[in-house]
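Participant: curious how this folds, go ahead:
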Amino acid sequence: MDLEIQQRVKDTVDKLGAENVVVILGGAEAESAGLSAETVTAGDPTFAGPLASVELGLRVYHVVEDELKAEFDESVYEEQCGMMEMVLDVDAIKEEVGNVRKEYTKFND
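Facilitator: Residues are numbered from 1 along each chain as shown. The predicted model follows:
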């Protein structure tokens, strides 16, 4: 997650409160999605950005996770994400983001 996006997340949390923010990821690889999830929950693991050592504990989901997917209109999801699901390792992404969420998220749905 680049420094600009980290700052946007931090500013949004400062404005709305962490309990009111949900981060939705769309990265194509499990490892990068996991790093982004960790950044918005436990803090930037590279210690380089605005979220270094900032434990926001935000709720975080990847767009391919069933909990989030169920929130979208099925036809819109299929049009926007259907092809993506065919080429991604969806199970690895779900596992990676889910593990980070279980370990670091401070807020329950």
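Participant: now do the same contact list for the closest residue to residue 53 other than its chain neighbours.
Facilitator: Once flanking residues are discounted, residue 53 sits nearest to residue 43: 5.1 Å by Cβ to Cβ, 6 or more residues apart in numbering. Where C-beta positions appear, they are placed from N, C-alpha and C, glycine not excepted. The contact partners of residue 43, taken as Cβ atoms under 8 Å, 6 or more residues apart in numbering, are 51, 52, 53, 54, 55, 56.
Participant: I'd like to know how many residues surround the fourth one.
Facilitator: The reference is to residue 54. 17 (other Cβ atoms under 10 Å).
Participant: now swap in the third one and tell me
Facilitator: When neighbours are counted by other Cβ under 10 Å, residue 53 registers 8.
Participant: specify the local secondary structure of it.
Facilitator: Following DSSP: H, G, I helix; E, B strand; the rest coil, residue 53 is assigned to coil.
Participant: what residues does it make contact with?
Facilitator: Contacts of residue 53 (Cβ under 8 Å, 6+ apart): 43, 44, 47.
Participant: now those residues as CSV including pLDDT and distance to residue 98?
Facilitator: Converted to CSV, those look like this (pLDDT from 0 to 100; distance: Cβ to Cβ, whole Å):
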residue, pLDDT, distance to residue 98
43, 96, 19
44, 94, 20
47, 91, 24
